[in-house]
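Structural data only, the sequence is not supplied:
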């Protein structure tokens, strides 16, 4: 570690051993809080090896703790680019959306395969959280558009960081024929190809058509 502040104290390590071996749930939660404080406070100073150690510790500590403690851990680790990857995956796969949500929407540690797995298997709340990510690949948006409900689809389409494949755009434009809100959402995307724009305008209501023509005068 690069700084003395990044070195766990002997007292904390002793408490951690006690919490894992014969501690109560309350002691586990307190140990988890202290380990989280230690990691978050010095995350930039840790090497890959140290992060792996924290990863193993987090995995052990979250066993048999209540949802509120897992939620707090997810909230604190989600924004950290160097967060331990195994615990991030564990939190993302949590069935409780309050736990999984912050990680699904913010964590840069989640790999594409895990995100697609969750998008294919979890419910609409998890899909909505994924749709809020800063960047969404075309492969991921394909799943969100296919499985998502109206709220998820509009959130995905309205995300400027979402890449939409040709297949997804074709499907969305067809669905938008009977959904003015979706038509507007698609039509306002700055990267909408001209042929999809023309098809959208041809089927849109008058009010939607006016909005789209105002947003894309160069395509009208």
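All right, it came through fine. Just so it is clear, the structure is predicted and the values come from calculations on it, not from any experiment.

what ranges of the protein fall below the confidence cut-off?
Scanning the chain for pLDDT under 70 picks out 1-23, 219-220.

Wait, residue 59 touches residue 91, no?
No - with contact defined as C-beta atoms under 8 Å, residue 59 and residue 91 do not form a contacting pair (10.5 Å). C-beta coordinates here come from the backbone N, C-alpha and C atoms, glycine included.

more neighbours, the two?
In terms of neighbours (other C-beta atoms under 10 Å), residue 91 is the more surrounded of residue 59 and residue 91; the figures are 27 against 13.

next one: the helix or strand harbouring residue 52 to chain centre, how far?
Using DSSP states H and E, residue 52 sits in helix 48-61. Helix 48-61 sits 21 Å away from the centroid of its parent chain (C-alpha atoms, centre = their mean, to the nearest Å).

for the next helix or strand after that helix, packing partners?
Using DSSP H and E, the next helix or strand after helix 48-61 towards the C-terminus is helix 67-77. Helices and strands touching helix 67-77, by 3 or more C-beta pairs under 8 Å, 6 or more residues apart in numbering; DSSP states H and E, are helix 25-42, helix 85-92, helix 97-106.

Minimum distance to residue 155: which of the ones you listed has it?
Evaluated over the helices and strands packed on helix 67-77, closeness to residue 155 peaks at helix 97-106, with 10.4 Å, by C-beta to C-beta.
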